[in-house]
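Asker: Sequence and predicted structure are below.
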Amino acid sequence: MNEIFKYRAPSSRAELFGLLSDHGDGAKVLAGGTDLLVEMRSGLCRPEMVINLKKVEDFSGLSWSQADGLVIGPAVTVNELLDNERVRGSYPLLVECALTLASHQLRNRATVVGNIAHASPGADMAPGLLCLGARVLIGSARGQREMALEDFFTGVKRTALRDDEIVEAVTVPPGSAGCRGSYRKLKRIEGHDLALIGVALTKHDGAVRVGIASAAPTPLLVKGLSTEDPPEAVMAAARAAICPISDLRCSKEYREHMVEVYVRRLLEEVR
Amino acid sequence: MWVSVEVNGHVYEREVAEHWTLLRFLREDLELTGSKDGCSAGECGACTVMLNGQAVNACMVLAVEVDGASVETIEAEAVAGELSAIQAAFGRNYAVQCGYCTGGMVMSVRELLRRNPKPTVAEIKEGIEGNLCRCTGYQQIIEAVLDVSGQLCRETKGELRYV
């Protein structure tokens, strides 16, 4: 790990945004740390300043309202999401995604927003959130802006965030509550592993949506499909949307094949 | 940076380097070497400790982050030389081979039983999925958890058997 960095733990949004305005290009935001510390240790990332956002007031909020839907603050851990009654009742797809993410100890630290903001192609929370129409609330000293999650990812571990910005919340619209869907993650072992591929599929108001991880530079969403479409059409649309690579976990061809297999299985399973 | 942290009931106030992990602080500053450094990447679970009552990988936490927090390590598991119920069950069921993973395993089992006092075998496997045992002695560990949660009968306690 690089041995020279400054550590800051601001307690207010104003203080946090001030630090990011002044040091944004050399600073890294620390939430759960389960991605950041691995990258710092391996030398992939050498920040001059690490800014812990867990002490910022209100950042631990996880709320639901009829008007705003589910609002997930940047310090909310994956296990806090899993323990939330509203999430368990109304967003079972997110529970499925979250249960596949790493191990219990890591889920006690890892945050939902961090999983999105880190923008790994294999982010386990992404396929479900994409299917549910999640949005990203971005904040900085300059104000707030909002965008659809599918527009947020721009490349491998790259996002629409500028140096002085953070994700202040990931929101799931109220209309997605109770949406039928499921997530399947292909792994080498049954326990803790990264996804070879991850596929979420929802059927809601006659529309079929497919969220896919680990099969392109970013997690992606396939939409514009209907429950009336034959399975082959949905599989072909998913196949056309992905562009996987071969890596140490499996080959490109295996990923292409298994995305189609999982889409077909999910079309049968999700009723 | 100065941190004040409660570890196993004692409050320590120490100057700690920003880049030190909680694991390094525990092992090298406080000399609590029961938490092991296996992978330094959150994969193996040998460094599992309780942070504010929740199991976490100590290698995935900066020491400066635990200012004001409470930490419990495997050293606090036995009280006055008496093994805890989990530790005794590990011993009774031969759930220790080389011992490197054991401290982390016990911490994860404590977390599991806190949330779920009578876990099924599937739930036990899920509960310890973040802990690697390179001796692959998982069967005995699972039996130890069944034992301590009162799910092994008297006849099979401490007997090596398949679940």
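Answerer: Arrived safely, thanks for sending.
Asker: neighbours of the residue of chain B found nearest chain A, just the number please.
Answerer: The nearest approach of chain B to chain A comes at B:Gly130, 2.6 Å away (C-beta to the nearest C-beta). (Each C-beta comes from the backbone N, C-alpha and C, glycine too.) By other C-beta atoms under 10 Å in any protein chain shown, the residues close to B:Gly130 number 27.
Asker: That one touches B:Cys47, doesn't it?
Answerer: No: under the criterion of C-beta atoms under 8 Å, B:Gly130 makes no contact with B:Cys47, lying 10.6 Å away.
Asker: who touches both of those two?
Answerer: Residues touching both B:Gly130 and B:Cys47 (C-beta atoms under 8 Å, 6 or more residues apart in numbering or on different chains): B:Asn57.
Asker: The residue nearest in space to the middle of chain B: what's it in contact with?
Answerer: Per C-alpha atoms, centre = their mean, the C-alpha nearest to the average position across chain B is that of B:Met107, at 2.3 Å. For B:Met107, the contact set (C-beta under 8 Å, 6+ apart) comprises B:48-50, B:55, B:73-74.
Asker: list the contacts for the residue of the stretch 151-271 of chain A found nearest chain B?
Answerer: Ranking the residues of the stretch 151-271 of chain A by distance to chain B (C-beta to the nearest C-beta) places A:Gly191 first, at 3.8 Å. Taking C-beta under 8 Å, 6+ apart as the criterion, A:Gly191 is in contact with A:103, B:125, B:129.
Asker: Please list all residues in contact with the last one.
Answerer: B:Glu129 makes contact with A:103-104, A:191-192, according to C-beta under 8 Å, 6+ apart.
Asker: swap the cut-off to 10 Å and go again
Answerer: A:102-105, A:189-193, B:45, B:108 (C-beta atoms under 10 Å, 6 or more residues apart in numbering or on different chains).
Asker: and what of the second one?
Answerer: Listed by C-beta under 10 Å, 6+ apart, the contact set of B:Lys125 reads A:190-191, B:119, B:138, B:141-142, B:145.
Asker: any idea what it is structurally, helix, strand or coil?
Answerer: Put simply, B:Lys125 is helix when judged by DSSP: H, G, I helix; E, B strand; the rest coil.
Asker: Now for the residue lying closest to A:Gly206 once chain neighbours are set aside, how many residues are close by?
Answerer: Leaving aside its chain neighbours, A:Gly206 sits nearest to A:Thr227 (5.3 Å; criterion: C-beta to C-beta, 6 or more residues apart in numbering or on different chains). Close neighbours of A:Thr227, defined as other C-beta under 10 Å, add up to 13.
Asker: Mind listing what's buried along stretch B:37-55?
Answerer: B:37-38, B:40, B:42-51, B:54-55 (16 or more other C-beta atoms under 10 Å in any protein chain shown).
Asker: Which of these fall in strands?
Answerer: Among those, the members falling in strands (DSSP state E) are B:48-51, B:54-55.
Asker: contacts with chain A among these, please.
Answerer: Among these, the residues lying close to chain A (C-beta under 10 Å from any C-beta of the partner chain) are B:48-51, B:54-55.
Asker: Reformat the residues you listed as JSON lines; add pLDDT.
Answerer: Below are those laid out as JSON lines (pLDDT from 0 to 100):
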{"residue": "B:Thr48", "pLDDT": "98"}
{"residue": "B:Val49", "pLDDT": "98"}
{"residue": "B:Met50", "pLDDT": "98"}
{"residue": "B:Leu51", "pLDDT": "98"}
{"residue": "B:Gln54", "pLDDT": "97"}
{"residue": "B:Ala55", "pLDDT": "98"}
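Asker: A:Ser140: which of those is nearest?
Answerer: B:Leu51 (30.2 Å; C-beta to C-beta).
Asker: Tell me if I'm right that that closest one and B:Glu65 touch.
Answerer: Yes: with contact defined as C-beta atoms under 10 Å, B:Leu51 and B:Glu65 form a contacting pair (9.0 Å).
Asker: shared neighbours of those two, anything?
Answerer: By C-beta under 10 Å, 6+ apart, the residues touching both B:Leu51 and B:Glu65 are A:109, B:5, B:22.
Asker: The chain: helices as residue ranges?
Answerer: Since you didn't name a chain, this refers to chain A. Using DSSP state H, the helices found in chain A span residues A:13-23, A:36-42, A:78-83, A:85-90, A:92-99, A:104-107, A:112-118, A:125-131, A:149-152, A:231-241, A:252-269.
Asker: not what I meant, chain B
Answerer: B:22-24, B:85-92, B:102-115, B:121-127, B:138-148.
Asker: Run through the residues that contact the residue of chain A found nearest chain B.
Answerer: Relative to chain B, the nearest point of chain A is A:Ser103 (2.6 Å; C-beta to the nearest C-beta). Taking C-beta under 10 Å, 6+ apart, we find A:Ser103 in contact with A:110, A:191-193, B:42-45, B:48, B:55, B:57, B:108, B:126-132.
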